[in-house]
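Trainee: Structure for this input, please:
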Amino acid sequence: MKLFIYSVLSCLLCFSCATSSSKNEAPYAYFGGEIINPNSKFITLSDDEHKTDTIRLDGRNRFIFKIDSLKEGVYSFKHGGEYQSFLVEASDSILLRLNTLEFDESLVYTGKGSKKNNYFINEFLENEKDEKHILKLCQLNAEDYQKRMDSLKNIKYKALSKFSKKYHTSELFEKIAKANIDYYYYSSKEVYPIIHHGKHKGKFLKSLPEDFYSYRKYINYNDDFFKNYHNYHTFLRHNFNTISLGTHTSHAKNKAFNWGDLCYNLDRLHLIDSLVTNSTIKDQLLYHFTIKYLSYSNDDKNANVILNSFLKKSSNEKSKDIMTNYARSLKKLQSGSEFPSFEIVDYNKQIFNINDLISQPTVVSFWSHNYYDHFKKSFKKIKKLKDKYPDIRFITINVDDGSCEKSKQTFKDCRFDWSHQYMFKTPEATKKELAIYPMTKTIIIDENNKIVSSNSNMFSVNFEKQITKLSNP
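Mentor: Coordinates of the predicted model:
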């Protein structure tokens, strides 16, 4: 890899020197690298406006691409369903190296423009670690929690200042780096009343110090610069969760908080519609909260109310079609319905009809290379469940549109047994038919091929109670 980097950088440097004398040339940058254990032969590169270029990997899983007429800012690259963002400025020559089995953790940049992006990826990984700690800190009282969050924010700002002085960073870098810190801090404040112990969230929300949300008066709900930026959207989701709680509490009859409360979810969609005017931001938020509600709802009537509210507020016709079809698929999967018929393929390339494999109580679960941690955790969980409930059949299906060789290799790398594992014969059509969202979705079927539950989660505390009823009728 080092020889590859040095040779590419040398070529880029020579090319850059040869062309830099042209003052009228549009700004450009180079982006390249190597993908270890690739999930496909392509990588896609997108700018802030979702202009996408598809880049083919060569025979050694490497690539190099010139970004012409560069618009400086945040770009994202995607491979096999996973993605990461990075900052590109004029004349950058950014090379990456990553292993898809540890996508974010293995990602490292070299070349001109690498230091700022290594800063960003390291900050991203640190934030992931901090999130687990913050969840525990949420049980502190408000004053102590605020002090801890303020301290964490100050530490991050000091680290940024030190980095900026050392490497003489640009204004664009500073803008994004400061926004990263601020939105992460804001998010930590927004989740506090939701995660804090106790059922009466609304009452607790009113008890917070007056300055706890003082930053809200500076929030731009229609920030066009950050409209496609992950940290910004994460904050907005948390923010709407919390301000909707305040609105909901003012008129709710049931003072105990419940995520699935119809009124609360309608309040949230209404607030998004009233506060957000940027169509891109509004549609993304409406879509996120609507599909999340539909995926967990067991009340068909309430689901229709939420769907209709979404359809009235969204201006994105594609999103409305997707949501309508998703809701239609969910209705076909209601408890008591016949489990649909579709074809699956094992790793010996034998084709089966799923219903031919169901002659006893059955649990059907799914996995994807895009959610590698979930794959490992769910496989280990299923192994324990198989031992505990021998009269229940567990069918696990990979949902990716790829070759079985990649999945077999994944099992080998994890030292998992890939016998009796399956893939969809027609992935896209079957994923839509089964409304597979989120990836933790687990379907429970009885011995008569009737759906018992189409939206279970094997990691839920109630899951074993559900399958115990099937195991011991």
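
Trainee: which SS class is Ser335?
Mentor: coil (DSSP: H, G, I helix; E, B strand; the rest coil).

Trainee: doesn't Ser453 make contact with it?
Mentor: Yes: the criterion here is Cβ atoms under 8 Å, and Ser335 meets it with Ser453 at 6.3 Å. Every C-beta, even on glycine, is put in place using the N, C-alpha and C of the backbone.

Trainee: of the two, who's got more company?
Mentor: Ser453 (19 against 12; other Cβ atoms under 10 Å).

Trainee: Enumerate every residue touching the closest residue to Asn254 other than its chain neighbours.
Mentor: Nearest residue to Asn254 in three dimensions, chain neighbours excluded: Asp261, at 7.2 Å (Cβ to Cβ, 6 or more residues apart in numbering). Counting by Cβ atoms under 8 Å, 6 or more residues apart in numbering, Asp261 makes contact with 248, 252, 254.

Trainee: Highest neighbour count among those?
Mentor: Within the contacts of Asp261, His248 tops the neighbour count with 22 neighbours, counted by other Cβ under 10 Å.

Trainee: so that residue makes contact with Tyr264?
Mentor: Yes: under the criterion of Cβ under 8 Å, His248 makes contact with Tyr264 at 4.4 Å.

Trainee: Tell me how far Asp401 lies from Pro427.
Mentor: Asp401 sits at a distance of 4 Å from Pro427 (criterion: Cβ to Cβ, to the nearest Å).

Trainee: more neighbours, those two?
Mentor: A side-by-side neighbour count of Asp401 and Pro427, using other Cβ under 10 Å, places Pro427 first with 17 against 13.

Trainee: which residues sit in contact with that one?
Mentor: 399-401 are the contacts of Pro427 under Cβ under 8 Å, 6+ apart.

Trainee: Kindly indicate which of these lies nearest Asn353.
Mentor: Closest to Asn353 out of the contacts of Pro427 is Val399 (17.6 Å), distances taken as Cβ to Cβ.

Trainee: just the strands in the stretch 251-400 of the chain please.
Mentor: Here the stretch 251-400 of the chain has its strands, by DSSP state E, counting those that start in this stretch, at 343-346, 351-353, 362-367, 393-398.

Trainee: ok, now the stretch 1-150 of the chain?
Mentor: 29-36, 42-46, 52-56, 62-67, 73-79, 82-88, 93-99, 108-110.

Trainee: Flag every buried residue along the third one.
Mentor: It stands for strand 52-56. Ile55 (16 or more other Cβ atoms under 10 Å).

Trainee: pull the CA atoms of stretch 146-153 into CSV?
Mentor: Extracted as CSV, the C-alpha positions of stretch 146-153 are listed here (Å, rounded to 0.1, in the frame of the first residue of the first chain):
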residue,chain,number,x,y,z
GLN,A,146,-24.7,20.4,32.3
LYS,A,147,-21.3,20.9,33.9
ARG,A,148,-20.0,17.6,32.5
MET,A,149,-21.3,18.5,29.0
ASP,A,150,-19.7,22.0,29.2
SER,A,151,-16.4,20.4,30.2
LEU,A,152,-16.5,18.0,27.3
LYS,A,153,-17.3,20.8,24.9
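
Trainee: in that stretch, what counts as buried?
Mentor: Within stretch 146-153, the residues that count as buried by 16+ other Cβ under 10 Å are 146, 149, 152-153.

Trainee: what about Ile121, how many residues close to it?
Mentor: 19.

Trainee: Hmm, Glu105 and it touching each other?
Mentor: No: shown here, Ile121 and Glu105 do not form a contact pair, counting by Cβ under 8 Å, at 9.3 Å.

Trainee: Would you mind putting the contacts of Asp261 into CSV with distance to Glu447 and pLDDT alongside?
Mentor: Formatted as CSV, those follow (distance: Cβ to Cβ, whole Å; pLDDT from 0 to 100):
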residue, distance to Glu447, pLDDT
His248, 42, 91
Ala252, 42, 79
Asn254, 38, 71
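
Trainee: Could you let me know which of the residues you listed ends up closest to Ala327?
Mentor: His248 (23.2 Å).

Trainee: Are we agreed that Tyr422 is in a helix?
Mentor: No: Tyr422 is assigned strand when assessed by three-state DSSP, not a helix.

Trainee: that older thread, which ones among the buried residues of stretch 146-153 map onto helices?
Mentor: When DSSP state H is applied, the buried residues of stretch 146-153 are split such that 146, 149, 152-153 fall in helices.

Trainee: and His233, how many neighbours does it have?
Mentor: For His233, using other Cβ under 10 Å, the count is 17.

Trainee: Repeat that for Gln350.
Mentor: Here the number of neighbours of Gln350 (other Cβ under 10 Å) works out to 9.

Trainee: Tell me the spacing between it and Ser151.
Mentor: Taking Cβ to Cβ, one finds Gln350 at 59 Å from Ser151.

Trainee: Pretty sure Ser46 sits against Gly73.
Mentor: No: with contacts counted by Cβ under 8 Å, Ser46 stays clear of Gly73, the gap being 11.3 Å.
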